[in-house]
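S.K.: please work out how this folds:
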Amino acid sequence: MNPAPQLLRFAKLLALGGLMLACQPAAEQQSAAMATYTPKTQADYPAPPKAAAQPQEFTEHGYKRADNYFWLKDKTKPEVIKYLEAENAYCDTVMRHTATLQDSLYREMRGRIKEEDRSVPVLQNGYYYYSRTEKDKQYSTQYRRKGSMEAPEELLIDGNKMAEGKSYFGLGNMEVSNTNSIMGYSYNYTGSYVEYDLHFRDLATGQELADVIKNTSGFAFANDSKTIFYTVPDKALRSYRLYRHVLGTPIAEDKLLYEEKDEMFRIYVGRTKSKAFLVLYIGSSTTSEMRMLDANQPNGDFKVFSPRQKDTEYYIDHHPSKFFVRYKDRQNLNYKVMEAPLQGYEDRAKWKDAIPYDPKVRIEGIDVYDKYMVVSARTNGLLELRVRDLASGKSAPINFPEPVYSVYNGGNPEFGASAVRYVYTSLNRPTTTYEYDMVTGKSKVLKVSEIPSGFNPDDYEVKRLFAKAADGVEVPISLVYKKGLKLDGTNPAYLYSYGSYGSSTDANFNRNIYSLINRGFVYALAHIRGGSDMGEQWYEDGKLMKKKNTFTDFVACAEFLVKEKYTSPEKLAINGGSAGGLLMGAVVNLRPDLFKVVVAEVPFVDVINTMLDTSLPLTVGEYEEWGNPNEKAAYDYMMTYSPYDNLQKKSYPNILATAGINDSQVLFHEPAKWVAKLREVKTDQNITLLKTNMGAGHGGASGRFDYLKDEAFQYAFIMDRMGLK
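M.R.: Presented below is the predicted three-dimensional model:
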């Protein structure tokens, strides 16, 4: 429904006021931000939806448990959809009075996006590839030009046209053949992360080919430009089969080349930068194996590079003189780089160290060129890039000036390149793309992300602090706030983390969060165990039978912020999504008194039920992350922290949980069941909301503007629950 003209005009004025607020002196801004009111409670609204209790009993390892809301997992049942829609309607009722605030936040965040923009062109095989965004359009368009940026422009993909009439659009992979004449591209309209339809286009004529391959998870061209290798998922969405297809032949005749039967492993296919080999990656969370095929001999067989060994991971890059191997085992947790000969590489005894193991440095990745190798590493929690001259073996770091930052290798698709791109960002520095000349050691700026509404990095204070965990370990915290903010315990704060799968919580620039920071919030990132922020051991100490370190680390970070007077429990909001949503569910069970507001996005909270159901996506492959609940010791430990199973009759903070009806990673029923049970047991009058996107998956809305509405909703919920005007 469109708002009345007067309301829309008022919202625009408020949005403008929000932008002007960012330019006010810090003291004035804090005074404005701290204006408060007493928020309504659950008792002030109509009763929330009540899911019917349909008890279902389960017995595992001699332990009986009842699940009243197990029935909510079946979205084919009309009563399930009816319940989700009722919850969405309740969200609208509770949040209706924040409509003006949401509109203001949305306009502020949109005002930080340069709507008409172009990516930095990338030269690949004689063509410059780039993307553009246009005013008021949700999706980018992909283009190329032959030889120079003065050549005629060729449109490759128009995401806006493809998304017309759809509630969701996701572009998967896009790859152009060696002859530059055939483009393969995949997409879906569901939000699934592995189920894409693969299409092909003749770029000379613009005609779509008849070859359409349904339900793929990845693909790569052979060097003949007509043979394609693609992978497909099983019913549990595990990528497990590799097929070969020749353009112009029936899909039904595609040959199955490999099937991974071990449910712990998934497969991926790609091509080396040198274009010499197609590589089939086969991996679990702790073990990997790679198989190779000469890219000029697509009818050949993939050959094992080195047989898999339990708890050993390796990743290969090809050079005409040797193979480089990023290698990890139990004695080399942080990885090292090895060299393997072109002949006899199967024998690991013939491998030798190129970059010896350093327990203080985690090697995140390597990028091999004809004369150089770019090494991405992490030391003391900070990312760094090192350029190694392959002839001399000497390395040179790319230096960065700030104490808290993130840097990522942007690469270069040309194997013979002497320059590499990298992306630099920090909590108060918008993303900047650089090009580093590997011969001269000089960097030049290619593009600085523009904030159209204005942004001055020097207006903000950035810090890196350490909280002491329950076992004495020091856990890093990165935070940013407006300079001049009084640290007296009265400030609202927003604390975020993830803490699983070895995924680090890097200090990246988040343009949206400044709608809170400019209203007096402290924004903090907790670098807790379970991620690899401080190296691979940091990850090992936050998984399996040590998983609870993740939760107690986060609690320690929150307590530190309160103790040091950055905030107080009455002004502390926390956020995490997916496995970070598990974190949210676990910490509110541990310390519900420590947080005022919780935003749990697509949260993995029904740990026991999900990990016992092997028909669900990801389950078996996740045993190496969470444990196998069919084993009593793992089951008993998981039962001590599973958020859904540990809800109790007590007071909980204000909670917003989100879900995606097509989510293939954390199925919608997990947050739905969690909210239903929360409402059953909680003894407070705080607000608990469930907001389900009825047309998207794990990542939520796909448009670059639509997702801002979700952000605005979440921020408005936080501010409203804190009583902040």
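S.K.: what does the domain assignment say about the protein?
M.R.: 8-111+487-500+566-722, 120-165, 168-311 (automatic domain parsing).
S.K.: which among the ones you listed is found nearest to residue 416?
M.R.: Residue 416 lies closest, by CB to CB, to one member of the domains of the chain: domain 168-311, at 9.5 Å. In short, each C-beta sits where N, CA and C put it, glycine included.
S.K.: on the three-state scheme, residue 240 is what?
M.R.: Per DSSP: H, G, I helix; E, B strand; the rest coil, the local secondary structure of residue 240 is strand.
S.K.: how about the contacts made by it?
M.R.: When contacts are counted by CB atoms under 8 Å, 6 or more residues apart in numbering, residue 240 touches 231-234, 259-261, 265-267.
S.K.: which non-adjacent residue is nearest residue 218?
M.R.: Leaving aside its sequence neighbours, residue 218 sits nearest to residue 231 (CB to CB, 6 or more residues apart in numbering; 4.9 Å).
S.K.: can you check residue 215 too?
M.R.: residue 195 (5.3 Å).
S.K.: next, count neighbours for that neighbour.
M.R.: Other residues lying near residue 195 total 21 when counted by other CB atoms under 10 Å.
S.K.: so what pLDDT did it get?
M.R.: pLDDT recorded at residue 195 is 88.
S.K.: please apply the same query to residue 14.
M.R.: Taking residue 14 on its own, its pLDDT is 29.
S.K.: which residues of the stretch 151-300 of the chain fall in helices?
M.R.: 159-162 (DSSP state H, counting those that start in this stretch).
S.K.: and the strands in it, which stretches?
M.R.: Secondary structure of the stretch 151-300 of the chain (DSSP state E, counting those that start in this stretch): strands located at 153-158, 170-176, 182-188, 196-202, 213-216, 218-221, 227-233, 239-246, 255-259, 266-271, 277-283, 288-294.
S.K.: in a strand, residue 415, correct?
M.R.: No. Assigned with three-state DSSP, residue 415 falls outside any strand and is coil.
S.K.: check contacts around it.
M.R.: So residue 415 contacts 273-275, 369-370 (CB under 8 Å, 6+ apart).
S.K.: next, give phi and psi for residue 396.
M.R.: Dihedral pair for residue 396: phi -130, psi 130, per degrees, to the nearest 10.
S.K.: then residue 555?
M.R.: Phi and psi for residue 555, reported as degrees, to the nearest 10, are phi -60, psi -40.
S.K.: since we're on the closest residue to residue 544 other than its chain neighbours, how many residues are nearby?
M.R.: Nearest non-adjacent residue to residue 544, counting by CB to CB, 6+ apart: residue 627, 5.3 Å away. Residues contacting residue 627 under the criterion other CB under 10 Å number 21.
S.K.: isn't residue 627 up against residue 608?
M.R.: No. With contacts counted by CB atoms under 8 Å, residue 627 stays clear of residue 608, the gap being 10.8 Å.
S.K.: mutual contacts of those two, please.
M.R.: 635, 638.
S.K.: before we move on, back to that, any chance of the contacts of residue 240 in JSON lines, plus neighbour count, pLDDT and distance to residue 466?
M.R.: JSON lines is the format used below for those (neighbours: other CB atoms under 10 Å; pLDDT from 0 to 100; distance: CB to CB, whole Å):
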{"residue": "231", "neighbour count": "23", "pLDDT": "98", "distance to residue 466": "43"}
{"residue": "232", "neighbour count": "21", "pLDDT": "97", "distance to residue 466": "46"}
{"residue": "233", "neighbour count": "23", "pLDDT": "95", "distance to residue 466": "42"}
{"residue": "234", "neighbour count": "15", "pLDDT": "93", "distance to residue 466": "44"}
{"residue": "259", "neighbour count": "11", "pLDDT": "98", "distance to residue 466": "48"}
{"residue": "260", "neighbour count": "21", "pLDDT": "97", "distance to residue 466": "42"}
{"residue": "261", "neighbour count": "6", "pLDDT": "96", "distance to residue 466": "46"}
{"residue": "265", "neighbour count": "21", "pLDDT": "96", "distance to residue 466": "38"}
{"residue": "266", "neighbour count": "23", "pLDDT": "96", "distance to residue 466": "36"}
{"residue": "267", "neighbour count": "23", "pLDDT": "97", "distance to residue 466": "40"}
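S.K.: out of those residues, which comes closest to residue 168?
M.R.: Distance to residue 168, by CB to CB, is smallest for residue 233 among the contacts of residue 240, at 18.5 Å.
S.K.: isn't that closest one right up against residue 195?
M.R.: Yes. Contact status for residue 233 versus residue 195: in contact at 6.4 Å, counting by CB under 8 Å.
S.K.: the residue nearest to residue 544: what's it in contact with?
M.R.: Neighbours of residue 627 in contact, by CB under 8 Å, 6+ apart: 544-545, 611, 634-635, 637-638.
S.K.: how far away is residue 658 from residue 713?
M.R.: Residue 658 sits 9 Å away from residue 713, going by CB to CB, to the nearest Å.
S.K.: now do the helices in the protein.
M.R.: Applying DSSP state H to the chain gives helices spanning 5-21, 26-33, 78-95, 99-111, 159-162, 514-517, 536-540, 548-563, 579-590, 607-612, 623-626, 632-639, 669-681, 706-722.
S.K.: which residue packs closest to residue 329, ignoring adjacent ones?
M.R.: Closest to residue 329 by CB to CB, 6+ apart is residue 312, at 4.5 Å.
S.K.: which residues are in contact with the one you found?
M.R.: So residue 312 contacts 287-288, 327-329 (CB under 8 Å, 6+ apart).
S.K.: residue 430: which of the residues you listed is nearest?
M.R.: Of the contacts of residue 312, the one sitting nearest to residue 430 (CB to CB) turns out to be residue 328, at 33.8 Å.
S.K.: can I get the CA coordinates of stretch 444-462 in CSV?
M.R.: The C-alpha trace of stretch 444-462 is given here as CSV (Å, rounded to 0.1, in the frame of the first residue of the first chain):
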residue,chain,number,x,y,z
LYS,A,444,47.9,2.8,-7.8
VAL,A,445,44.3,3.5,-7.0
LEU,A,446,41.8,2.3,-9.6
LYS,A,447,38.5,3.0,-7.9
VAL,A,448,37.3,4.4,-4.6
SER,A,449,33.8,3.4,-3.6
GLU,A,450,31.8,6.7,-3.5
ILE,A,451,29.3,7.5,-0.8
PRO,A,452,27.1,10.0,-2.6
SER,A,453,25.5,11.4,0.6
GLY,A,454,28.9,12.2,1.9
PHE,A,455,31.3,10.5,4.3
ASN,A,456,34.4,11.5,6.2
PRO,A,457,36.5,8.7,7.7
ASP,A,458,38.2,11.0,10.1
ASP,A,459,34.9,11.6,11.9
TYR,A,460,35.1,8.2,13.4
GLU,A,461,37.2,6.4,16.0
VAL,A,462,38.4,2.9,15.2
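S.K.: could you number the chain from 7 rather than 1 from now on?
M.R.: Will do, 7 is the new start, and the previous item becomes stretch 450-468.
S.K.: quick one: closest of the helices of the chain to residue 154.
M.R.: Of all the helices of the chain, helix 165-168 comes closest under CB to CB, at 25.3 Å.
S.K.: for that closest one, packing partners?
M.R.: strand 147-152 (3 or more CB pairs under 8 Å, 6 or more residues apart in numbering; DSSP states H and E).
S.K.: what packs against the strand it packs on?
M.R.: strand 133-139, strand 159-164, helix 165-168.
S.K.: just put the ones you listed in JSON lines and tack on mean pLDDT and distance to residue 494.
M.R.: What follows is these, written out as JSON lines (pLDDT from 0 to 100; distance: least, CB to CB, whole Å):
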{"stretch": "strand 133-139", "mean pLDDT": "96", "distance to residue 494": "42"}
{"stretch": "strand 159-164", "mean pLDDT": "96", "distance to residue 494": "52"}
{"stretch": "helix 165-168", "mean pLDDT": "93", "distance to residue 494": "48"}
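S.K.: perfect, I'm done here.
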